[in-house]
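# Here is a sequence with its predicted model. Questions after.
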Amino acid sequence: MELIQAHNIRRSFGTGDLRTEVLKGIDLTVHEGEYLGIMGKSGAGKSTLLYQLSLLDTPTEGAITVAGVDILTLKEVKRTNFRLRTLGYVFQDYALVPDLTAAENVLLPIVMRGASYAEALSTANKSIDEVGLRGKYNNLPSELSGGEQQRVAIARAIAGKPKILFADEPTANLDTASGQTVIDLITCLNREYKLTVVMVTHEREYAANCHRLVHMEDGLLVGEEQL
Ligand SMILES: Nc1ncnc2c1ncn2[C@@H]1O[C@H](COP(=O)(O)OP(=O)(O)OP(=O)(O)O)[C@@H](O)[C@H]1O
Ligand SMILES: [Mg+2]
């Protein structure tokens with residue numbers, strides 16, 4: 001089944017002489033259970049594409065359906081709820097709140113989805129166990145390594161049982177070993193829970209477990225390979 005269908009996605013920034021078209025007409029379909037890698041040089045538009053597909057930004061032109069919903073017609077509240085309930089995010093800088101513990105970081109979006117604090121805490125701790133950080137519930141981000149912080153970010157992303165995990169260079173700030181641990185975890189989530197994953201990565205070795213790679217150049221998809 002097709003989980004994401006994007007048609008003729010264009011995204012421009014600026015106006016007049018300063019207007020630049022960053023995405024120049026992208027068609028992309030992502031299937032349920034798929035692990036898709038988006039590759040390309042710096043500035044090719046990978047993050048911009050990921051933001052359009054994941055409702056963090058809105059294209060200038062085009063159509064996108066996610067899980068059967070025409071996301072571009074959603075009003076703000078519905079859009080936020082859709083993001084909270086259907087999508088999970090992992091970024092290269094982890095995006096954890098520095099003065100909240102690992103468990104508090106993970107439970108925050110669960111509380112926002114309407115759970116009680118006690119319920120959210122129990123879900124958060126289970127999620128932290130799942131990413132291999134049992135016992136680190138009360139560590140602040142500064143008391144965790146980069147790789148561990150990224151695993152907390154993944155725990156936060158999966159705690160709400162999203163349909164799709166979007167990851168933008170999740171290994172960019174990590175050494176090879178921690179980067180591989182993060183990739184193994186993402187691969188495991190895809191294999192065990194059939195979580196659909198869309199991941200931007202620079203490095204081919206980190207994309208080795210992807211089912212399919214699409215290559216971007218200058219705002220366009222220029223090639224595709226099945227692995
Ligand atoms: N909000 C914005 N306003 C203006 N230009 C932007 C904006 N966001 C992105 N761009 C431009 O779009 C181009 C593509 O940026 P993008 O971040 O998508 O590239 P990328 O492929 O993710 O690169 P990297 O591998 O370095 O992360 C860049 O030239 C960037 O300057
Ligand atoms: Mg980027």
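All right, it came through fine. Ligands and ions are numbered 1, 2, ... in the order given.
# Next, give phi and psi for Gly16.
In terms of degrees, to the nearest 10, the main-chain angles of Gly16 are phi 60, psi -130.
# Name all residues that make contact with it.
Not one residue lies near Gly16 by Cβ atoms under 8 Å, 6 or more residues apart in numbering. Glycine gets a C-beta too; all of them are placed from N, C-alpha and C.
# Any idea how many residues pack against Met1?
7 (other Cβ atoms under 10 Å).
# Return the residues in contact with it.
His31, Glu32.
# and the longest helix along the chain, which residues are buried?
Scanning the chain for the longest helix, with DSSP state H as the assignment, gives helix 176-193. Buried residues in helix 176-193, counted by 16 or more other Cβ atoms under 10 Å: Ser178, Gly179, Thr181, Val182, Ile183, Leu185, Ile186, Thr187, Leu189, Asn190.
# Which one of those is nearest to Val30?
Nearest to Val30 among the buried residues of helix 176-193 is Asn190, at 12.2 Å by Cβ to Cβ.
# so what pLDDT did Thr201 get?
Thr201 is assigned 94 on the pLDDT scale.
# Next, count neighbours for the residue nearest to it when sequence neighbours are not counted.
Nearest residue to Thr201, sequence neighbours excluded (Cβ to Cβ, 6 or more residues apart in numbering): Ala207, at 5.2 Å. By other Cβ under 10 Å, 21 other residues sit near Ala207.
# and Ala207, what are its phi and psi?
phi -100, psi 0.
# helix, strand or coil for the residue sitting nearest the centre point of the chain?
In the chain, the residue lying closest to the centroid (Cα atoms, centre = their mean) is Phe166, at 1.7 Å. Taken by DSSP: H, G, I helix; E, B strand; the rest coil, the conformation at Phe166 corresponds to strand.
# What distance do you get for it to Ile4?
Using Cβ to Cβ, to the nearest Å, Phe166 is found at 10 Å from Ile4.
# check contacts around the nearest residue to the residue nearest to the centre of the chain once chain neighbours are set aside.
Spatially, and ignoring its direct neighbours in sequence, Phe166 is nearest to Ser54 (4.2 Å; Cβ to Cβ, 6+ apart). Neighbouring residues of Ser54 by Cβ under 8 Å, 6+ apart: Arg83, Leu87, Tyr89, Ile164, Phe166, Val198.
# And Ser54, how far from Leu165?
Distance from Ser54 to Leu165, by Cβ to Cβ: 10 Å.
# Then Ile186?
Taking Cβ to Cβ, one finds Ile186 at 7 Å from Leu165.
# does any part of stretch 59-72 sit near ligand 1?
No - Stretch 59-72 does not reach ligand 1 (Cβ under 6 Å from any ligand atom); its nearest approach is 11.8 Å.
# re earlier: common neighbours of Phe166 and Ile4, please.
What both Phe166 and Ile4 touch, as defined by Cβ under 8 Å, 6+ apart, is the set Leu53, Val198.
# sorry, back to before: hmm, the residue nearest to the centre of the chain is touching Arg83, no?
No - if you go by Cβ atoms under 8 Å, Phe166 and Arg83 don't touch, sitting 10.1 Å apart.
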